[in-house]
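**Student:** Next come a sequence and a model predicted from it.
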Amino acid sequence: MRYLPQTDADRSAMLAAIGVDSVDELYRDVPRAARLTRPLDLPGHAGEVKVERDLQALAARNVPAGSVPCFLGAGAYRHHLPAALDHLIQRGEFLTAYTPYQPEVSQGTLQTLFEFQTQVALLTGMEVANASLYDAASACAEAALMAARLTRRNRIVVSGALHPQYRSVTETHAHYVDLTVEAGKPNPWQAEDLTGEPDKDTACVIVQYPDFFGRLDDFTALAEACHAAGALLVVAVPEPVALGAVQSPGDMGADIVVGEGQPLGNPLAFGGPGLGLFATRKKFVRQMPGRVPGQTVDEDGRRGYVLTLSTREQHIRREKATSNICTNSGLCALGFSIHVSLLGEAGLQRLAAINHARAVRTADALDGLEDVNVLNESFFNEFAVSLPRPAAEVVETLAGMDVLGGVPVSRFIRGDPQLDHVMLVAATETTTDDDLTALTVALKEAV
Amino acid sequence: MSETTLTGNRGLQQEEPLLFEQGHPGHSGVDLPEPEPVAERLGGVKRQRDIGLPGLSEPQVVRHYTRLSHMNYAIDSGFYPLGSCTMKYNPRLNEKMARLPGFADIHPFQPESTVQGALELVDLTARWLKTLTGFDGVAMSPAAGAHGELCGLMCIRAALEARGDARKTVLVPESAHGTNPASAHFCGYKVRSIPANARGRVDLEALKGALDDSVAALMLTNPNTCGLFEDEILEIAQAAHDAGALFYCDGANFNAIMGRVRPADLGIDCMHLNLHKTFSTPHGGGGPGSGPVVMTQELANHAPLPWVTEGADGFRLLEHAGDTGSDGAPLGRIKGFHGQVGVFVRALAYMMSLGRDGLEQAAEDAVLNANYLLEGLKDDLSPSYEGPCMHEVLFDDRFLKDTGLTTLDIAKGLLDEGFHPMTMYFPLVVHGAMLTEPTETETRETLDQFMETVKGLADRARAGETAALSEAPRLTPRRRLDETSAARNPVLRWTPPEDQA
């Protein structure tokens, strides 16, 4: 078996050195009643040819987003990944290293994460960022818990235009630690005003930017209202490319910014692994969840990096830790960081401009169709349209015509007849004019 | 430093400045076309000032990361016996499979009809895990081990509440991973510690004394963090169940027993698996991981959304509680999308490659290798407990008594010798712990060389040649780093020189 280097001769010699006759003796502490006495009902070992064939057969039963016109978003976005990126993250020194517990031989991981933290802080307009959490949804929940710790309050106010899955994950976590979550009603037709919400019991208000329906809003007044009430403003960013085109949440007064890093540097992969971004103010850093490399010097005075502020963490603080997180999304953070490095200031701003322009073109084209209405006044690269038929049916019809046309809101929110007719449509730099034509032609037929 | 150079480089060991100290504004490593002219619809929040990112060309970026990669130790470069972390070889076939466009390039919200292969992949991975562990159910969405712990405990709490028997406390042995008590806390439970006995196992009598009707669950690692199989585990499970508590197992150490023992047969109700340990998916310098939780049917009824099911029309992805059938009472959602599917592909490729027989052989070789280390080092180091051990072996620092040296010094000495050290100072039940996990993917020659090296370091320590260790490492890209000042005055990001006060 190709992954196991010991030969039978090695095994015999080692058993002899240990002083036992068989490996079974090494398992003698396993209660006899619990030992498996028959082989499990699983196939035997297989070579690369067979494993590849079997997995390729499974893969072939999916429609890759890149093989058809694809306008799907809703928190996961398909961008072009530069060739150099995938090459670099497959370097074994990055790919097969553990969490950098031995900093003397982990400066590669530590410096790249320090750079990642800097990039996230710059993009979000915040002072500090951590080395990643699992995904935006879990980062959003962690932000709510952190706000509750900082304010010693237990009311979490959630925008109706927060991604329903971010809200759902936040509700799950909140339930188990006795926080209450009050969520607004999702309404793509009307702007939401939460400035009256923060009160003396409110730990935080959580909004999304761009919101679930793609809209952009200025949260400055909301931030002021939060701060006047002693609450925090949490801003969730589902698409970090947007930050190349719009003001940062930090500029609007956000206290915690969470986000989904997947769109930069990471493939869709059916939604996982994702990359939870988490940034905040420096004064809150000791309540921040997650790993965080910091700069220091070694014995020879040379600049270096170590995991720091570990007294927040589970391996030191156990049940008093700021989070239970250990493994996070290190390699996804590296992918993000490499992509941002390759783009640079000019590239990221241009990428964002292209995404926005493609979305404007798409919106204009759809708005020109009979019975299809774009609901957004503002958006970055995704917007909501209303359709004359339930969006879930339209999406199925489109899929039958080899077009992944959008995400029906009913996939997340059930039982609202109006929302049933709403579909989210996203465009990126990968969207071609031909894709757009295919969508409009198919949509004309489907509605 | 013994030798200085003009550049600070030392041959292949090259210094690399931060990204932000390189490049030129306006430069980019990606060529993009001019955006088409459109009337912007950014709603009055158009960015007014630059982000502050540097501009580098593609070759500069590739060299930056390549040079940084040279400063990392990794499984690919050497022996990595980090206890409780299962640093086994990460097969490249896994990576190749995960990059098939049919897996890497599918969107989580495509219609079900266009992702039947992906749903089957989730289901197939789930079936392998259930068969290996003997459980009826599995929650696939947790993103890492600690996330799995939280998920499992949430299922336990939901199941107990459904029984009308809500409870307040989780019992955790003092040898547990720090994530265990932290997870219990974030599930709303109080944590009570239970002691180990002189044999490095849970003290059964103390456990029985601690079990009362306030205890929701016992949270135990097996094989445990001392590298030992809990030989009274059936009695432990019985005692927990008799008291109305459920039994959570931390499955971080499943590598020792896969194919030989099914945790369900041990009386366990629920256990997470670390696909990024046992099933060979890469750690990537700290993730992504994946922590599916296998569990009894009673608990699985509360598993978080989404669920994947197979029906007459193919596979379905159930994303709403109302779709999960009459017994379904999912506790909600703990993660966006559908779990770490990209990690599942890798783990499934691994399981298919080794198969039933190979997984069992891997477990046996892992245990054999650890016992070989125990036997070979028992006279030079101080084993904390009598063997046989499972897939990892625990030493403590008694052998360093009166040398003035610590576990940390041994670890740093190993770095100079080209080895990654074992896990240090964990578990907390022994002094100066050195938890050593060789895994099955190492050759006997590597193990022999490692043992000779450790013996040599121990000999030096005892001979009073302490400087070589207390001043180690000398040959690594950095020497010991000042962690105290890093924590006291945290510098967590680069700041432009003009902003530095």
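**Tutor:** Perfect, I can see it now. Residues are numbered from 1 along each chain as shown, chains lettered A, B, ... in the order given.

**Student:** For the helix or strand hosting A:Asp435, give me every contacting residue.
**Tutor:** For A:Asp435, the enclosing helix or strand under DSSP states H and E is helix A:433-446. Helix A:433-446 has contacts (Cβ atoms under 8 Å, 6 or more residues apart in numbering or on different chains) with A:69-71, A:361-362, A:365-366, A:368-370, A:372, A:389, A:394, A:397-398, A:401-403, A:405, A:427. Yep, even glycine has a C-beta here, placed from its N, CA and C like the rest.

**Student:** cool, and stretch A:183-194?
**Tutor:** For stretch A:183-194, contacts defined as Cβ under 8 Å, 6+ apart pick out A:157-162, A:164, A:167, A:171, A:205, A:207, A:212-213, A:215, A:217, A:222, A:225, A:375-376, A:384, A:409, A:413, A:416, A:419, A:422.

**Student:** which among these end up buried?
**Tutor:** Neighbour counting with 16 or more other Cβ atoms under 10 Å in any protein chain shown marks A:157-162, A:164, A:167, A:171, A:205, A:207, A:212-213, A:215, A:217, A:222, A:225, A:375-376, A:384, A:409, A:413, A:419, A:422 as buried within these.

**Student:** Just these: which are in strands?
**Tutor:** Residues of those located in strands (DSSP state E): A:157-158, A:205, A:207, A:384, A:422.

**Student:** Next, format these as CSV and append pLDDT and distance to chain B.
**Tutor:** Below are those laid out as CSV (pLDDT from 0 to 100; distance: Cβ to the nearest Cβ, whole Å):
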residue, pLDDT, distance to chain B
A:Val157, 98, 19
A:Val158, 98, 14
A:Val205, 98, 18
A:Val207, 98, 13
A:Ala384, 98, 13
A:Val422, 98, 14
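
**Student:** about what we covered before: if you average the pLDDT over the helix holding A:Asp435, what comes out?
**Tutor:** What helix A:433-446 shows for mean pLDDT is 97.

**Student:** Give me the distance between that helix and the centre of its chain.
**Tutor:** 29 Å (Cα atoms, centre = their mean, to the nearest Å).

**Student:** ditto for stretch B:397-408
**Tutor:** Counting by Cα atoms, centre = their mean, stretch B:397-408 comes out at 28 Å from the chain centroid.

**Student:** Stretch B:65-85 now?
**Tutor:** Counting by Cα atoms, centre = their mean, stretch B:65-85 comes out at 15 Å from the chain centroid.

**Student:** For the stretch 201-350 of chain A, which segments count as strands?
**Tutor:** Secondary structure of the stretch 201-350 of chain A by DSSP state E, counting those that start in this stretch: the strands cover A:202-208, A:232-237, A:256-260, A:276-280, A:293-297, A:303-307.

**Student:** Can you confirm whether the third one lies near chain B?
**Tutor:** Yep, that's strand A:256-260 we're talking about. Yes. Contact of strand A:256-260 with chain B (Cβ under 8 Å from any Cβ of the partner chain) involves A:Glu260.

**Student:** which neighbours does that strand have in its sheet, and in what orientation?
**Tutor:** strand A:232-237 (parallel), strand A:276-280 (antiparallel) (DSSP bridges).

**Student:** Could you export those as a markdown table, including mean neighbour count and mean pLDDT?
**Tutor:** Formatted as a markdown table, the strands paired with strand A:256-260 follow (neighbours: other Cβ atoms under 10 Å in any protein chain shown; pLDDT from 0 to 100):
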| stretch | mean neighbour count | mean pLDDT |
| --- | --- | --- |
| strand A:232-237 | 29 | 98 |
| strand A:276-280 | 31 | 98 |
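
**Student:** could you redo the ones you listed as CSV and give each row distance to A:Gln287?
**Tutor:** Output for these, formatted as CSV (distance: least, Cβ to Cβ, whole Å):
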stretch, distance to A:Gln287
strand A:232-237, 11
strand A:276-280, 8
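
**Student:** re the thing from before, closest to B:Lys190 out of the strands of the stretch 201-350 of chain A?
**Tutor:** strand A:202-208 (22.3 Å; Cβ to Cβ).

**Student:** in that closest one, what counts as buried?
**Tutor:** A:202-208.

**Student:** Then stretch A:363-370?
**Tutor:** Applying 16+ other Cβ under 10 Å to stretch A:363-370 flags A:363, A:365-366, A:369 as buried.

**Student:** show me where pLDDT drops low in the stretch 1-150 of chain B?
**Tutor:** Residues of the stretch 1-150 of chain B that meet the criterion pLDDT under 70 lie in B:1-3.

**Student:** Show me the strands in it, by range?
**Tutor:** So, for the stretch 1-150 of chain B - with DSSP E, counting those that start in this stretch - the strands run B:137-139.

**Student:** One more: chain B?
**Tutor:** B:137-139, B:169-173, B:190-194, B:215-221, B:246-250, B:270-272, B:293-295, B:307-311, B:314-318, B:382-383, B:393-396, B:423-424, B:434-436.

**Student:** could you dump these to CSV with distance to chain A and mean neighbour count?
**Tutor:** As requested, the strands of chain B are exported to CSV (distance: least, Cβ to the nearest Cβ, whole Å; neighbours: other Cβ atoms under 10 Å in any protein chain shown):
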stretch, distance to chain A, mean neighbour count
strand B:137-139, 12, 24
strand B:169-173, 8, 26
strand B:190-194, 4, 17
strand B:215-221, 11, 26
strand B:246-250, 12, 28
strand B:270-272, 12, 30
strand B:293-295, 14, 32
strand B:307-311, 11, 15
strand B:314-318, 9, 16
strand B:382-383, 13, 20
strand B:393-396, 12, 27
strand B:423-424, 8, 21
strand B:434-436, 12, 26
